[in-house]
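# this one's sequence-less:
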């Protein structure tokens with residue numbers, strides 16, 4: 001599924017984020033930037049030890065929830081990896097919505113600072129961090145669409161979704177986001 005927002009392209013695909021040849025891929029990192037499972041583990045395994053060495057050297061204090069930092073990509077086809085920390089779901093009473101939106105926004109800001117024309121995101125916080133998928137998809141797409149409308153960059157944002165269930169949640173959220181914007 002694709003959409004155009006201003007001069008920017010937003011697309012949804014099912015696939016493996018470590019195979020994306022975009023300027024940047026986004027890592028669903030933990031706050032210690034210590035590697036882990038899921039997307040984080042796949043990126044570190046695929047990119048090799050240079051990514052972990054760089055995070056330890058440049059970010060010894062880690063990365064706060066809702067923020068983002070950048071490293072090289074090691075052996076991955078992307079030019080760089082943007083590590084962002086989404087919130088752990090705690091019932092929605094601990095600023096999870098604003099922290100998740102911030103993780104997407106900060107990733108886009110870091111991509112802009114790196115002059116990235118394209119970026120690929122996973123579905124942040126919906127795996128081990130247990131954020132409800134439909135809610136997370138709406139927040140992700142609303143945040144990214146708003147950023148693209150305001151800033152007109154990057155040229156292309158791709159959501160690389162792990163399975164059909166996640167893809168469908170994001171497709172529904174994208175349709176709703178586009179419909180909302182037509183009504184304003």
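Yes, it's here. This is a predicted model, so every value here is computed, not measured.

# which element is residue 34 on?
Following DSSP states H and E, one finds residue 34 outside all helices and strands.

# Tell me how many other residues crowd it.
Neighbour count of residue 34, defined by other CB atoms under 10 Å: 13. For every residue, glycine as well, the C-beta is placed using N, CA and C.

# do the same with the one 3 residues further on
When neighbours are defined as other CB under 10 Å, residue 37 has 11 of them.

# Show the contacting residues for the residue nearest to it when sequence neighbours are not counted.
Using CB to CB, 6 or more residues apart in numbering and skipping residues adjacent in sequence, the residue nearest residue 37 is residue 128, 6.5 Å away. Residue 128 makes contact with 36-38, according to CB atoms under 8 Å, 6 or more residues apart in numbering.

# Turn those into a markdown table, columns for pLDDT.
Shown next, in a markdown table, are the contacts of residue 128 (pLDDT from 0 to 100):
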| residue | pLDDT |
| --- | --- |
| 36 | 85 |
| 37 | 87 |
| 38 | 91 |
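
# okay, those residues in JSON lines with distance to residue 47 and secondary structure next?
Below are those laid out as JSON lines (distance: CB to CB, whole Å; DSSP: H, G, I helix; E, B strand; the rest coil):
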{"residue": "36", "distance to residue 47": "14", "secondary structure": "coil"}
{"residue": "37", "distance to residue 47": "15", "secondary structure": "coil"}
{"residue": "38", "distance to residue 47": "15", "secondary structure": "helix"}
